[in-house]
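Asker: build me a model from this:
(one chain, ligands or ions: 1)
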Amino acid sequence: MIFLDACRGKKTPYTPVWMMRQAGRYLPEYMEVRKSAGDFLGLCHDPQKACEVSLQPVDILGVDAAIVFTDILVVPLEMGMELQFIKGEGPFFPKPIETMQDIEALSIEKAAINLEYVYETIRLIRGRLAADKALIGFCGSPWTLATYMIEGQGSKTYAKVKKLIYTDPALMHALLTKITAVLKLYMENQIKSGIHVAMIFDSWAAALEEDAYFEFSWKYMKEISSFIKTNYPQIPVIMFPKGISGYLDRIDGDFDVFAVDWSTPMELAVEKLGDRYVLQGNMEPTRLYSKEAIKSGVEHIIHVTKDKKHIFNLGHGILPDIPVENAQYFIDLVQTLTKKV
Ligand code: CP3
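Answerer: Numbers count the residues shown, from 1 in each chain. Down below sits the predicted model:
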């Protein structure tokens, strides 16, 4: 399987490609299924429909991997936190974590069991996915999840969560430890249900200064990846710490693929990490508004990564108003230009 081979650093007939948030609002077929499910969380809770939208980018665009349709925030939801998705604004936890009692009230084993609808979605996808396509399972990093759980929503300053790491680090570590325990069980269950590859999204990595990053985020991400690599060595792990180009010298650990975000120059990632890890990424997602910009972006990345192990992707999620035709152009172009003769 070309995607799995690439994750393992083997030579492939062309560079495999997929897009973060590839099952999403830019696809009219997605909007149709979402409407029939009621809302976004309704779609996540319906394995048949979630399976259907997971397969859409594979069937419509020909990407080399499907990613399970769900959200990183179903984990805090099933740990016992109320979660809403507010139209036009994004996720919202009305009762954010404030005290040690709030942390003690969160469940671990029960959360991993309650996420059964994700495991069922995975089994359904595997029943329908072509043998030459990979299925990616995922979770949010403990830091990114904890940030949402404490801030209650997206934040510009991260003041609440950062106040906590400097005034009560023990409380923060207690929360991160608990989330990490759930995520190990969650990823293990995803693996047993049929994912081929595991990815950890650390979308809010860039909120932390360097030492704090390694203490409050990377350490816990590495704990999850080590757990997977020790118990399931056949499963490649992709790490995506977004926006930490200044910290690449200190990146280490037992994982396979480093996902490069669009703000990190691929040249720098190649220099610092290209001999140790497969690199994924990192086309600037807004280049998808223009075919010329797609072409020059793809050519640049091919040029920079030519001697290295590489998987093509965007450097963050595809935006809802990208024309499908342009997404198709990007996928086709990568698969054509990287073909080995
Ligand atoms: O196709 C895929 O990539 C699979 C599905 C997927 C979703 N969310 C579905 C989704 C994945 C991998 C995620 C991860 C996710 N969710 C992250 C990490 C990656 C990143 O983007 O940094 C984060 C931070 C979240 C939290 C989240 N979920 C936000 C901030 C939002 C609202 C913003 C937005 O784009 O509307 C969501 C909602 C969400 N998750 C949507 C989708 C398709 C849009 C919901 C809709 O249909 O209206």
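Asker: interface residues of the stretch 1-150 of the chain facing the ligand?
Answerer: 20-25, 34, 40, 67, 69, 71-73, 90-91, 138, 140 (Cβ under 6 Å from any ligand atom). No exception for glycine: its C-beta is placed from N, CA and C like everyone else's.
Asker: same thing but 5 Å
Answerer: 21-24, 40, 67, 71-72, 90 (Cβ under 5 Å from any ligand atom).
Asker: give me the below-cutoff pLDDT ranges for the stretch 1-150 of the chain.
Answerer: In the predicted model, the stretch 1-150 of the chain carries no residue with pLDDT under 70.
Asker: just the strands from the stretch 1-150 of the chain, written as ranges.
Answerer: 65-67, 84-86, 90-92, 134-140 (DSSP state E, counting those that start in this stretch).
Asker: out of these, which one sits most buried?
Answerer: Compared across the strands of the stretch 1-150 of the chain, strand 65-67 shows the largest average neighbour count, a mean of 27 (mean count of other Cβ atoms under 10 Å).
Asker: partner strands of that strand, parallel or antiparallel?
Answerer: Strand 65-67 has its sheet partners listed here by DSSP bridges as strand 134-140 (parallel).
Asker: out of the strands of the stretch 1-150 of the chain, which is closest to Asp211?
Answerer: strand 134-140 (22.0 Å; Cβ to Cβ).
Asker: and the strands of the stretch 1-150 of the chain as a markdown table, adding distance to Leu55?
Answerer: Listed next are those as a markdown table, based on distance: least, Cβ to Cβ, whole Å:
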| stretch | distance to Leu55 |
| --- | --- |
| strand 65-67 | 6 |
| strand 84-86 | 23 |
| strand 90-92 | 25 |
| strand 134-140 | 10 |
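Asker: out of the ones you listed, flag the one nearest Leu183.
Answerer: So among the strands of the stretch 1-150 of the chain, strand 134-140 is nearest, using Cβ to Cβ, at 4.9 Å.
Asker: contacts only, for Tyr117.
Answerer: Counting by Cβ atoms under 8 Å, 6 or more residues apart in numbering, Tyr117 touches 44-47, 50.
Asker: show residues contacting stretch 119-127.
Answerer: 47-48, 50-51, 54-55, 66, 68-70, 135, 137, 189-190, 192-195.
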